[in-house]
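Engineer: Structural data only, the sequence is not supplied:
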């Protein structure tokens, strides 16, 4: 099998690919280290010698080289805990964590009511349903809105503000996303402090596609793991069983040894969180990261998924997947933008 490292996260054979690759190996194609061993991924995330990528600096370099105004992208990236280290990171992460904690009870209560109402509408009088647009998108958007106060516009799947982390992002998409960020900022900037507005944008960006994709993929994973079973008889795990964030990247600030592999200062390291999809369900918490950059939205995400699982478990319906299409032109995220299923009586 010829392995395209840049496409591992989009490959249907990635479980086999992970088996073939060494836990830590070098990729000439990507010019970085690939880490696919669960233990090595955990170790790397806790290492102080591996830091987050300075996405803001990369965007500023593109802006200067092409003489473009990408100030909104640059400002947002510079204010995200995901793109910062040290005291700045700790301060921003603490604010965001407190904001999520305060909003969680009301957010999940509203989510439960909306999920019940929306799913009943999906299956009322029909059995062929496109679940992403009719169920998972409105539910994920509701969580984002209730926590951040930002309501991202529904746009074609080739345009998503989460793609600001994509180094392969094309010129046209960069400009469109910069405009979209201006629109999102306008929803919070007039009534909030600068820090509050930045935190709201960070929450909206980091929560939108990660929630939408993880809901869709986890539903698919449960259906495929329980073939021919009724929804009410399926094992609905209390935690998300799949992730739409297949990998994260770090950069070495010092030479280090990772599981016997020497990594030099300045080199990039790609950690495949999707590798945890092939562990037992109890060992899939790695989706949310570890250490100082672990996802602060984990409790809300898991709480929302438990609500969905409890809801699905009330129905004596079987599910047949008719068609599925993943988002195009995306080298960062991987999840369905269209999921057509058929519900039929048990």
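Structural biologist: Arrived safely. Just so you know, these numbers come straight off a predicted model, no measurement behind them.
Engineer: pretty sure residue 239 contacts residue 305?
Structural biologist: Yes: Residue 239 lies in contact with residue 305 (Cβ atoms under 8 Å); the separation is 6.8 Å. In short, each C-beta sits where N, CA and C put it, glycine included.
Engineer: When the two are compared, which one has more neighbours?
Structural biologist: Between residue 239 and residue 305, counting by other Cβ atoms under 10 Å, residue 305 is the more crowded of the two (21 against 17).
Engineer: OK, contacts around the closest residue to that one other than its chain neighbours?
Structural biologist: Leaving aside its chain neighbours, residue 305 sits nearest to residue 240 (5.0 Å; criterion: Cβ to Cβ, 6 or more residues apart in numbering). Residues in contact with residue 240, defined by Cβ atoms under 8 Å, 6 or more residues apart in numbering, are 214, 215, 218, 284, 287, 301, 302, 305.
Engineer: Report the mean confidence score over the helix or strand harbouring residue 216.
Structural biologist: Here residue 216 is covered by helix 194-225, with elements defined by DSSP states H and E. What helix 194-225 shows for mean pLDDT is 90.
Engineer: so after that helix, what's the next helix or strand?
Structural biologist: Once helix 194-225 ends, the next helix or strand along the chain (criterion: DSSP H and E) is strand 248-252.
Engineer: The helix holding residue 216 - contacts with which helices or strands?
Structural biologist: Helix 194-225 makes packing contacts with helix 71-78, helix 86-123, helix 137-148, helix 171-186, helix 298-312, strand 317-326, strand 336-345 when contacts are defined by 3 or more Cβ pairs under 8 Å, 6 or more residues apart in numbering; DSSP states H and E.
Engineer: can you do 10 Å?
Structural biologist: For helix 194-225, the packing partners by 3 or more Cβ pairs under 10 Å, 6 or more residues apart in numbering; DSSP states H and E come out as helix 71-78, helix 86-123, helix 131, helix 137-148, helix 171-186, helix 298-312, strand 317-326, strand 336-345.
Engineer: Looking at these, which one is packed in the most?
Structural biologist: For the helices and strands packed on helix 194-225, the stretch with the most neighbours on average is helix 131, a mean of 23; neighbours defined as mean count of other Cβ atoms under 10 Å.
Engineer: Buried residues in stretch 24-36, which are they?
Structural biologist: By 16 or more other Cβ atoms under 10 Å, the buried positions in stretch 24-36 come out as 24, 27, 30, 32, 33, 34, 35, 36.
Engineer: so which two of the contacts of residue 240 are the farthest from each other?
Structural biologist: Greatest spatial distance among the contacts of residue 240 (Cβ to Cβ): 215 and 284, at 14.9 Å.
Engineer: These two: which has the busier surroundings?
Structural biologist: A direct count of neighbours by other Cβ under 10 Å for residue 215 and residue 284 places residue 215 higher, at 26 against 23.
Engineer: distance of the residue nearest to residue 296 when sequence neighbours are not counted from residue 162?
Structural biologist: With Cβ to Cβ, 6+ apart as the measure, residue 97 is the residue that lies nearest to residue 296, at 4.5 Å, once sequence neighbours are left out. Here the criterion is Cβ to Cβ, to the nearest Å. By it, residue 97 lies 20 Å from residue 162.
Engineer: now swap in residue 326 and tell me
Structural biologist: 14 Å.
Engineer: swap in residue 67?
Structural biologist: 26 Å.
Engineer: what about those two, which has more around it?
Structural biologist: Between residue 67 and residue 162, counted using other Cβ under 10 Å, the more crowded position is residue 162 (22 against 6).
Engineer: Excluding sequence neighbours, find me the nearest residue to that one.
Structural biologist: With Cβ to Cβ, 6+ apart as the measure, residue 209 is the residue that lies nearest to residue 162, at 4.3 Å, once sequence neighbours are left out.
Engineer: What is the burial count for that neighbour?
Structural biologist: The number of residues packed near residue 209 is 23, by other Cβ under 10 Å.
Engineer: quick one, what contacts it?
Structural biologist: If a contact means Cβ atoms under 10 Å, 6 or more residues apart in numbering, then residue 209 has 140, 144, 152, 160-163, 244-245, 327, 330, 332-333, 335 as its contacts.
Engineer: okay, who's weakest in those residues by pLDDT?
Structural biologist: Among the contacts of residue 209, residue 330 has the lowest pLDDT, at 67.
Engineer: Can you pull the residues that touch both of residue 239 and residue 305?
Structural biologist: Contact criterion Cβ under 10 Å, 6+ apart; residues bridging residue 239 and residue 305 by contacting each: residue 218.
Engineer: Could you report the distance from the nearest residue to residue 139 once chain neighbours are set aside to residue 304?
Structural biologist: Leaving aside its sequence neighbours, residue 139 sits nearest to residue 115 (Cβ to Cβ, 6+ apart; 5.8 Å). In this structure, residue 115 and residue 304 are 8 Å apart, going by Cβ to Cβ.
Engineer: quick one: common contacting residues for those two?
Structural biologist: With contacts defined as Cβ under 10 Å, 6+ apart, the residues shared by residue 115 and residue 304 are 108, 139, 142.
Engineer: Columns pLDDT and distance to residue 229 on top of those, output as a markdown table?
Structural biologist: As requested, these are arranged in a markdown table below (pLDDT from 0 to 100; distance: Cβ to Cβ, whole Å):
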| residue | pLDDT | distance to residue 229 |
| --- | --- | --- |
| 108 | 98 | 27 |
| 139 | 96 | 23 |
| 142 | 95 | 28 |
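Engineer: Appreciated, that's everything.
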